[in-house]
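1. Sequence and computational prediction follow.
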There are 2 protein chains.
Amino acid sequence: MIAETPQPPYYAVIFTSIRTEVENGYANMADRMLELAQKQEGFLGYETAREEIGITVSYWRDQDSIRNWKNNIEHSFARDKGRSDWYKAFKTRIAKVEKEYGFLKEDFC
Amino acid sequence: MIAETPQPPYYAVIFTSIRTEVENGYANMADRMLELAQKQEGFLGYETAREEIGITVSYWRDQDSIRNWKNNIEHSFARDKGRSDWYKAFKTRIAKVEKEYGFLKEDFC
């Protein structure tokens, strides 16, 4: 779903990736990382989709929240496995959301 | 593919959407918008994927480039059609990319 984020400013981590063919626990780890991230102080929500490339955007209150998540031990282990097994390439961008606007059809909940 | 963007700072427009069942020219319009965006001054690249939700991130040199693209006549027409026909909901976030880092396997081009 589309993340319900607060009034800007807040932060977005845009993670774009291309997967290898290797499964080796990827789906479980992806679920686990999501579960862990949601427990982090300052986590605001996320959006994800994968076709030719995968895009996961997670939203955070501030840079400190992102730094703490980056330094999480399990997350660091997952990143190492990402480099060795799961990803051919990825890019992470840290961005400060300055404006946000949306649209919602009346009959859509 | 993963967009080849310059050294930050630059801007990201994160467009997250949920489609209706209505086709009515959507695919053609999506292609046309991409073609048009690529001709805009300050356009740096884009990434897109759709599953349950669609995420398209376009990258821009500065806020002026984003504003010019927003005011493009054909783009405005497409946005109106988006609201009436193609989308149940969407959210647009304008964010300033402050940091970027990546990973590329040696045998992957």
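-> Great, that's in hand. Residues are numbered from 1 along each chain as shown, chains lettered A, B, ... in the order given.

2. pretty sure A:Thr20 is touching A:Phe90, no?
-> No: the pair A:Thr20 / A:Phe90 is not scored as a contact, 11.1 Å apart, by CB atoms under 8 Å. Every C-beta, even on glycine, is put in place using the N, C-alpha and C of the backbone.

3. So which of these two has more stuff around it?
-> Shown here are A:Thr20 and A:Phe90; by other CB atoms under 10 Å in any protein chain shown, A:Phe90 has more neighbours (23 against 16).

4. so that one sits in a strand?
-> Yes: assignment of A:Phe90 by DSSP: H, G, I helix; E, B strand; the rest coil places it within a strand.

5. Does the closest residue to it other than its chain neighbours lie in a helix or a strand, and which?
-> If the residues on either side of it in the chain are set aside, A:Phe90 comes closest to A:Ser17, at 3.9 Å by CB to CB, 6 or more residues apart in numbering or on different chains. Counting by DSSP states H and E, the element that carries A:Ser17 is strand A:10-19.

6. So which other helices or strands are in contact with that strand?
-> Packed against strand A:10-19 by the contact rule (3 or more CB pairs under 8 Å, 6 or more residues apart in numbering or on different chains; DSSP states H and E) you find strand A:54-60, helix A:63-71, strand A:87-104, strand B:10-19, strand B:87-104.

7. Next one, pLDDT for A:Phe108 please.
-> The predicted structure scores A:Phe108 at 67 on the pLDDT scale.

8. And A:Ile55, how far from B:Asp62?
-> In this view, A:Ile55 and B:Asp62 are 23 Å apart by CB to CB, to the nearest Å.

9. Looking at those two, which one has more neighbours?
-> For A:Ile55 against B:Asp62, the residue with the higher neighbour count under other CB under 10 Å is A:Ile55, and the figures read 24 against 13.

10. and the more buried one, how far is that from B:Gly25?
-> Shown here: A:Ile55 relative to B:Gly25, a distance of 25 Å by CB to CB.

11. Over to A:Thr16?
-> Relative to B:Gly25, and taking CB to CB, A:Thr16 is found at 28 Å.

12. if you count what's nearby, which of these two comes out ahead?
-> Using other CB under 10 Å, the more surrounded residue of A:Thr16 and B:Gly25 is A:Thr16, with 22 against 13.

13. Quickly list what the more buried one is bridged to.
-> According to DSSP bridges, A:Ile55, A:Lys91 are recorded as the beta-bridge partners of A:Thr16.

14. Packed most tightly, which of the helices and strands packed on strand A:10-19 would that be?
-> The highest mean neighbour count among the helices and strands packed on strand A:10-19 belongs to strand A:54-60 (a mean of 24), with neighbours defined as mean count of other CB atoms under 10 Å in any protein chain shown.

15. between that one and strand B:10-19, how big is the angle?
-> Taking axes from the mean of the first three to the mean of the last three CA atoms, to 10 degrees, strand A:54-60 and strand B:10-19 form an angle of 110 degrees between their directions.
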